[in-house]
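Visitor: coords please:
(chains A and B)
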Amino acid sequence: MIEFHNVTKRYEGGYEALTNVSLQLADGDMAFITGHSGAGKSTLLKIVALIEKPTRGQALLNRINLNTVSRHRIPYIRRNIGVIFQDHQLLFDRPVFDNVALPLQIQGYRPQEVAKRTRAALDKVGLLHKEKSMPITLSGGEQQRVGIARAVVHKPMLLLADEPTGNLDPVLSREIMQIFVEFNQVGVTVLVASHDLGLIDELDKPRLTLNRGQLILNDLVDDAAETDDGW
Amino acid sequence: MAGSNVKRRGPATTNRISAYLLHHLQSLIFSLGKIYQAPATTIMTVAVIGITLSLPGGFYLFLKNIDAMSGDFRSSSQISLYLDLDLSEKRARAVEKDISGMEQVESTRFISRDQSLEEFRQNSGFGKSIDTLSSNPLPHTIIVEPIEADTFAIRNLLNALQAMPEVEIAKLDTEWLERLYTIIEIAKRSVMIITILFACAVLLIIGNTIRLDIQNRYQEIIVTKLIGATDAFIRRPFLYGGVWYGLLGGIISWLIVEIGYLAISGPLERLNLLYQSELTLITFSFHDFIILITSSTLLGLAGSWIAVARHLNQIEPS
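Guide: Model prediction:
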């Protein structure tokens, strides 16, 4: 699903967010990206979500070269990805239902289909009764669940989450992570950036640990593939 | 390229087309809803567009009326024939008969030397001085009314009449008419320049309004881009917004011109009565109305297109 070959990302001004990162995440896998803040977790996710392009090296998503993908292809590739942000990125001028329905409307589903799938996604995160509420009236945990519903409503192949539990208490965080695990169980590839190490330990999923832009721990590779790193 | 690798999980193609049309309709209504939600901004923008467009609209109507009036003058252009002084009245009447038989001539009127002198004596106020003259200095006169035709045909007729041996002077008083036409032509071009300038102003007004609209919805644009919206999808509501501004502005400008027309039609009718003229003020025809509304709507679309092309591409998630 995701392949990085010696990916380096240097921002304007010379700051290097990722240095020679190589990794592979297979279809149906779930992994956590950990590391201190500024280690490059967000940058890694941004490259996968086509928000940033690698400065050097090669990043592939489903064998599509993300370095060279043309501008007009980007929206169509993003439709296979669900992205969850720490700050939810909900639109506060419209109710919960409209927020969640947005990806389906963008992809041109018929209204009946939109309604059906939107309600199914809201039901999955336990917020069906809130479909008419405005996002501002919801608690932080509820807003995050609306964000998740929006990210999964169109059944993406890949789910990316950047610090999804950053602002939540431990009970809510566990709930949110459990939702991700459930999605992974039905075949969705999941990549979650988080520094909540205690919670990650409980879940027993492979870990990618970044330190100052370098991948210092990669649970996803066995010893045989390790030689690839030195190239 | 990538399409083969990324499995499409979207809806079927037939649904896509109807969904595409549906999104157009949704954008149309959504953008109208946005306008409705911010009535103060909308009213101001639309009023500015309306006032701006009402100026060329008003000038156009003014010219249309002048044109209609000058058409009246054109049809009433007469040729005065002053015959040879030596010609007898009998001979002169025979000439008149000949002329009235010509095909470009609508009608003729004969004024004898004596009639002319009598009219002159009564109207000019020089009665006493005329009495001192030993003989009548005025010739027989024939007033020729040409059939309605263009200036060129009338000129030909004039030349033909001038060429007649009995005719001393053939006079078509068109110089002032030609001056009027020239003035109208200048006015027409001025209106064209004004129209172009004001159309540019409308373009800028709408462009700027849409630009602010884009800035206000920055977050929404970022989010929709992140979940896979195409540029066209994001562009659509803004373009429809411009269309609404243009359409409403056009209607306002039409109202302004119509109200202005009503305001001056009262005094004009009184003037008509005083002059016993048959001039009637012309207002916008249905055709004019459609042209006004269509062009203002297209200006709205063009203005928003410029703003969208300039500013939407700069907004990318980061």
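
Visitor: which ones are touching the residue nearest the centre of chain B?
Guide: What sits nearest the mean C-alpha location of chain B, by CA atoms, centre = their mean, is B:Tyr60, with 3.5 Å. Neighbour list for B:Tyr60: B:191, B:195, B:288 [criterion: CB atoms under 8 Å, 6 or more residues apart in numbering or on different chains]. No exception for glycine: its C-beta is placed from N, CA and C like everyone else's.

Visitor: ok, now how distant is it from B:Leu161?
Guide: 39 Å (CB to CB, to the nearest Å).

Visitor: for the spatially most central residue of chain A, which residues make a bridge with it?
Guide: Most central in chain A under CA atoms, centre = their mean is A:Leu160, positioned 0.8 Å from the mean C-alpha point. Residues in a beta bridge with A:Leu160, per DSSP bridges, are A:Val83, A:Leu191.

Visitor: so the residue in the stretch 201-318 of chain B positioned nearest to chain A, which of the three states?
Guide: Closest to chain A within the stretch 201-318 of chain B is B:Gly228: 3.7 Å, counting by CB to the nearest CB. Following DSSP: H, G, I helix; E, B strand; the rest coil, B:Gly228 is assigned to coil.

Visitor: quick one: the helices in the stretch 151-300 of chain B?
Guide: With helices called from DSSP state H, counting those that start in this stretch, the stretch 151-300 of chain B shows them at B:151-162, B:175-216, B:218-226, B:231-275, B:286-311.

Visitor: Out of these, flag the one nearest A:Gln86.
Guide: Among the helices of the stretch 151-300 of chain B, helix B:218-226 comes nearest to A:Gln86, with 13.7 Å by CB to CB.

Visitor: Below-threshold pLDDT in chain A: ranges please.
Guide: Low-confidence segments of chain A, defined by pLDDT under 70: A:222-231.

Visitor: Which helix runs longest in it?
Guide: Across chain A, the longest stretch assigned as helix under DSSP state H is helix A:170-185.

Visitor: what's that helix packed up against?
Guide: strand A:30-34, helix A:140-152, strand A:158-162, strand A:189-193, helix A:197-203 (3 or more CB pairs under 8 Å, 6 or more residues apart in numbering or on different chains; DSSP states H and E).

Visitor: Around chain A, pick out the residues from the stretch 101-250 of chain B.
Guide: Contact residues (CB under 8 Å from any CB of the partner chain) of the stretch 101-250 of chain B with chain A: B:219-220, B:222-231, B:233.

Visitor: Chain B contacts on chain A?
Guide: Residues of chain A lying near chain B by CB under 8 Å from any CB: A:49, A:51-52, A:62-64, A:69-70, A:72-73, A:75-81, A:83, A:89-91, A:93, A:102-103, A:105-111, A:113, A:150-151, A:154-157.

Visitor: mind listing what the strand or helix carrying B:Arg109 pairs with, with the direction of each?
Guide: Per DSSP states H and E: B:Arg109 is located in strand B:105-111. Strand B:105-111 pairs in its sheet with strand B:141-146 (antiparallel), by DSSP bridges.

Visitor: Could you count how many residues lie near residue 202?
Guide: With no chain named, the answer covers chain A. Other residues lying near A:Glu202 total 12 when counted by other CB atoms under 10 Å in any protein chain shown.

Visitor: right idea, wrong chain: chain B
Guide: By other CB under 10 Å, 27 other residues sit near B:Val202.

Visitor: cool, and A:Ala115?
Guide: 15.

Visitor: which one is it nearest to, not counting chain neighbours?
Guide: In space, and not counting its chain neighbours, A:Ala115 is closest to A:Ala101: 7.6 Å by CB to CB, 6 or more residues apart in numbering or on different chains.

Visitor: The one you found against A:Lys116, yeah?
Guide: No: A:Ala101 lies out of contact with A:Lys116 (CB atoms under 8 Å); the separation is 10.5 Å.

Visitor: who's more crowded, those two?
Guide: More crowded of A:Ala101 and A:Lys116, by other CB under 10 Å: A:Ala101, with 26 against 13.

Visitor: ok, now which ones touch the more buried one?
Guide: In this structure, A:Ala101 makes contact with A:114-115, A:118, A:153, judged by CB under 8 Å, 6+ apart.

Visitor: The one helix or strand it maps to to helix A:140-152, inter-axis angle?
Guide: Using DSSP H and E, A:Ala101 sits in helix A:96-106. Angle, helix A:96-106 to helix A:140-152, by axes from the mean of the first three to the mean of the last three CA atoms, to 10 degrees: 20 degrees.

Visitor: Okay, buried residues for helix A:96-106 please.
Guide: Of all the residues in helix A:96-106, those buried under the rule 16 or more other CB atoms under 10 Å in any protein chain shown are A:96-106.

Visitor: One more: stretch A:168-183?
Guide: A:168, A:172-177, A:179-180, A:183.

Visitor: between those, which is nearest chain B?
Guide: Distances from chain B to these, taken by CB to the nearest CB, are shortest for A:Phe183, at 14.8 Å.

Visitor: surely that closest one meets A:Ala151?
Guide: No: in this structure, A:Phe183 is not within contact of A:Ala151 by CB under 8 Å, at 9.4 Å.

Visitor: Now do the same for B:Leu138: helix, strand or coil?
Guide: Applying three-state DSSP: B:Leu138 is coil.

Visitor: Could you report the neighbour count for residue 23?
Guide: Chain wasn't specified; assuming chain A. Quick note: A:Leu23 (other CB under 10 Å) scores 21 neighbours.

Visitor: you looked at the wrong chain, it should be chain B
Guide: Neighbours of B:His23 (other CB under 10 Å): 18.

Visitor: and B:Pro146, what are its bridge partners?
Guide: B:Val105.
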